[in-house]
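*Asks:* Sequence isn't available, so here's the structure alone:
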């Protein structure tokens, strides 16, 4: 992953690894992944595979409507873990998740709509970090309820996103929100 900036240092992050899984029982699977990645504590501009990472976890699917996954591991910034739960009941799907992952906001912006050669959109009051290469540990939690009918989809999602920056500036951030969406 990489971003080039006119007014701040460029960003580069490299990662290479392998993920494996094996079935322990009809409903339970053991997962493991590992490899090497860039240590963003050392440099956010050079990339390279200078830090090892690993995760182990379990994937539980007791039936076709339920999925639960948990992982724990080590990365350059310390402990890393994630949880994901999904349950479908009649016309409603319930999803809950939590993850810790190092990232930069430009990566998040690039995952949305992107027009090459144009700066990402900003709004009055945007925080300076939203267009910088300052790496942070993202701690993202979300809960969603999704109801689907034959022609209508109604979803409600609540989330809490925390950003713990690896350097003193910019200051850490917490973003809380609720999204309501109706598609007919």
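*Replies:* It's in. What you see is a predicted model, and the numbers here were worked out from it, not measured in a lab.

*Asks:* C-alpha from now on. contacts and neighbour counts both.
*Replies:* Will do.

*Asks:* Excluding chain neighbours, what is closest to residue 76?
*Replies:* Once flanking residues are discounted, residue 76 sits nearest to residue 39: 5.8 Å by C-alpha to C-alpha, 6 or more residues apart in numbering.

*Asks:* The one you found should be in a helix, yeah?
*Replies:* No. Residue 39 sits outside any helix when classified using DSSP: H, G, I helix; E, B strand; the rest coil, being coil.

*Asks:* hey, where'd the strands end up in the chain?
*Replies:* 2-3, 11-12, 15-23, 28-37, 51-63, 66-75, 78-89, 92-103, 136-148, 153-165, 173-183 (DSSP state E).

*Asks:* Export those to TSV and append columns for mean pLDDT, distance to residue 43 and mean neighbour count.
*Replies:* Putting the strands of the chain into TSV (pLDDT from 0 to 100; distance: least, C-alpha to C-alpha, whole Å; neighbours: other C-alpha atoms under 10 Å) gives the following:
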stretch	mean pLDDT	distance to residue 43	mean neighbour count
strand 2-3	80	13	16
strand 11-12	84	9	20
strand 15-23	96	14	12
strand 28-37	96	12	17
strand 51-63	96	12	17
strand 66-75	95	15	18
strand 78-89	93	16	16
strand 92-103	91	13	18
strand 136-148	92	13	19
strand 153-165	93	14	17
strand 173-183	93	22	11
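
*Asks:* Let me have those in a markdown table, extended by distance to residue 44.
*Replies:* Listed next are these as a markdown table, based on distance: least, C-alpha to C-alpha, whole Å:
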| stretch | distance to residue 44 |
| --- | --- |
| strand 2-3 | 10 |
| strand 11-12 | 5 |
| strand 15-23 | 13 |
| strand 28-37 | 12 |
| strand 51-63 | 13 |
| strand 66-75 | 15 |
| strand 78-89 | 17 |
| strand 92-103 | 10 |
| strand 136-148 | 11 |
| strand 153-165 | 12 |
| strand 173-183 | 20 |
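
*Asks:* What distance do you get for the residue nearest to residue 76 to residue 51?
*Replies:* Going from residue 39 to residue 51 by C-alpha to C-alpha, to the nearest Å gives 6 Å.

*Asks:* Give me the common contacts of the two.
*Replies:* residue 76 (C-alpha atoms under 8 Å, 6 or more residues apart in numbering).

*Asks:* quick one: contacts for the residue nearest to residue 76?
*Replies:* Contacts of residue 39 by C-alpha under 8 Å, 6+ apart are 47-51, 76.

*Asks:* wait, which of those is closest to residue 61?
*Replies:* Nearest to residue 61, judged by C-alpha to C-alpha, of the contacts of residue 39 is residue 76 at 30.8 Å.

*Asks:* tell me the contacts of that closest one?
*Replies:* 39-41, 51-53.

*Asks:* mind checking how far the nearest residue in space to residue 4 that is not next to it in sequence is from residue 68?
*Replies:* Among residues not flanking residue 4 along the chain, residue 10 sits closest, at 4.7 Å (C-alpha to C-alpha, 6+ apart). Applying C-alpha to C-alpha, the value for residue 10 to residue 68 is 38 Å.
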